[in-house]
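Student: Would you be able to build a 3D model of this:
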Amino acid sequence: AEEEGHSLSEKKILKNLEEIFKASKGRIIVATFSSLINRIQQIISLSEKYHRRVCLEGYSMRGNVEMCRVLGYIKARKGTFISSRQIERFSPSQITILGTGAQGESEAVLMRIALKEHPYIKIRKGDSVVFSSSVIPGNERTVQIMKDEILKQGARVFHYKMMDIHAGGHAKAEELKKMIRIMKPKFFLPIHGQYSMLVAHSQLAQEVGMKDKNIVVAENGDIINLSPRKIYLEKKKVPANYIMIDGLGVGDVGQVVLRDRQMLAKDGMFVIIVVVDKETGKVRTSPDIISRGFVYLRESKRMLMETRKKTIAIVERATGSGRAVNWSYIKDEIRNKIGKFLFQKTQRRPMVLPVVIEV
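Tutor: Numbering: from 1, shown residues only. Predicted structure coming up:
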């Protein structure tokens, strides 16, 4: 909705793909979505035209192609398809490999080929790798790493920014307006995408004559009231937050747990174990320290020695008055003061866990 004009024609994409097939002397490795059936048919048809066998790689790719062949949506000559084990029986100019992984998914075929983890397919100099898809926002870095790995192995890479070999799966502004004109809806509720995209889609509906009162832009949790006469949002909402699943637990991982995990991942954990004599209030032995993901103990002996001294001082200051001892207060004091001390020394804030044992 935010992009003006029309999407690319599939005829133009087919023409550009054919230019790659004409020029390529080695194997052609094409990565696309396994649900993009028309593109898969284009690759199969071009392979047959240029006397190439097609190796389908990836569970979803093989499954979707087989299903579509049964239903008559994909057509291929007998003998077109071969397995990855049969690739070496043919010259590179006779092979097309069609699989998934254009988004840089770690377990997908193209990534395994790029990282040399595929048992039968390795990138060779002279191969042409075609990314027949646009990059989904958020996947840019992973896709770039994968492209670099492929290029390092001597292959040539083609992608949608170099030439028109993919049309996005989302209609552009003029196509969305055309659909509204064809359907002539009474009410309009744009869905899918960021909030700005929903608003842009609703503005397109107004441009083609829909009344503002018949258009609703809703978010997750909104309650939409719809009747034959009108559509509107109710003031109240329903819960629509993420439900975290962790192991066998469903919904039991809250914000506090997530915050703790983020802290542990960022700065690590620092455990101080103090054994205190119940009668005298004195620390019996030097406090034990366990560090995970914060500092390597053997290389931080001076800081650990200072930490032990500070811990002993905090405990004995709190227990030396002769009054009843508040152990929760002592733990908080250790956590706060040792935390500040460690930050001064390292500019990091590990999760400090004090353990006080009375004997």
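
Student: Do me a favour and get the end-to-end distance for stretch 156-173?
Tutor: 34 Å (C-alpha to C-alpha, to the nearest Å).

Student: Quick check: mean pLDDT of it?
Tutor: The average pLDDT for stretch 156-173 rounds to 75.

Student: Any stretches of this structure with poor pLDDT?
Tutor: Screening the chain residue by residue with the criterion pLDDT under 70, one finds the ranges 161-168, 247-254, 321-324.

Student: Mind doing that once more with 80?
Tutor: Per-residue confidence of the chain (counting by pLDDT under 80) places the weak regions at 1-3, 6-10, 133-138, 160-169, 242-261, 263, 278-281, 296-299, 319-325.

Student: Helices of that one, residue ranges please.
Tutor: With DSSP state H as the criterion, the chain has helices at 10-23, 37-49, 59-71, 109-114, 140-152, 173-183, 195-207, 255-267, 301-319, 327-346.

Student: Export those to TSV and append columns for distance to residue 243 and mean neighbour count.
Tutor: Just so you know, the C-beta spots here come from the backbone N, C-alpha and C atoms, and that holds for glycine as well. Putting the helices of the chain into TSV (distance: least, C-beta to C-beta, whole Å; neighbours: other C-beta atoms under 10 Å) gives the following:
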stretch	distance to residue 243	mean neighbour count
helix 10-23	39	15
helix 37-49	33	19
helix 59-71	26	15
helix 109-114	29	25
helix 140-152	26	16
helix 173-183	32	14
helix 195-207	22	16
helix 255-267	13	12
helix 301-319	40	16
helix 327-346	31	15
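
Student: As TSV, these with distance to residue 222 would be great.
Tutor: Formatted as TSV, the entries for the helices of the chain read as follows, by distance: least, C-beta to C-beta, whole Å:
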stretch	distance to residue 222
helix 10-23	36
helix 37-49	34
helix 59-71	33
helix 109-114	38
helix 140-152	31
helix 173-183	22
helix 195-207	11
helix 255-267	23
helix 301-319	52
helix 327-346	42
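
Student: what's the burial count for the closest residue to residue 355 other than its chain neighbours?
Tutor: If you skip the residues right next to it in sequence, residue 355 has residue 273 as its closest partner in space, 4.5 Å away by C-beta to C-beta, 6 or more residues apart in numbering. Neighbourhood size, residue 273 [other C-beta atoms under 10 Å]: 15.

Student: Around residue 355, count how many other residues there are.
Tutor: 14.

Student: Repeat that for residue 160.
Tutor: Other residues near residue 160 come to 20 when the count uses other C-beta under 10 Å.

Student: correct me, but it touches residue 143?
Tutor: No: using C-beta atoms under 8 Å, residue 160 is not in contact with residue 143; the gap is 11.1 Å.

Student: hey, what's in contact with both of the two?
Tutor: residue 131 (C-beta atoms under 8 Å, 6 or more residues apart in numbering).

Student: Could I get the contacting residues of residue 358?
Tutor: For residue 358, the contacting residues are 276, 278, 327, by C-beta under 8 Å, 6+ apart.

Student: Thanks a lot, see you next time.
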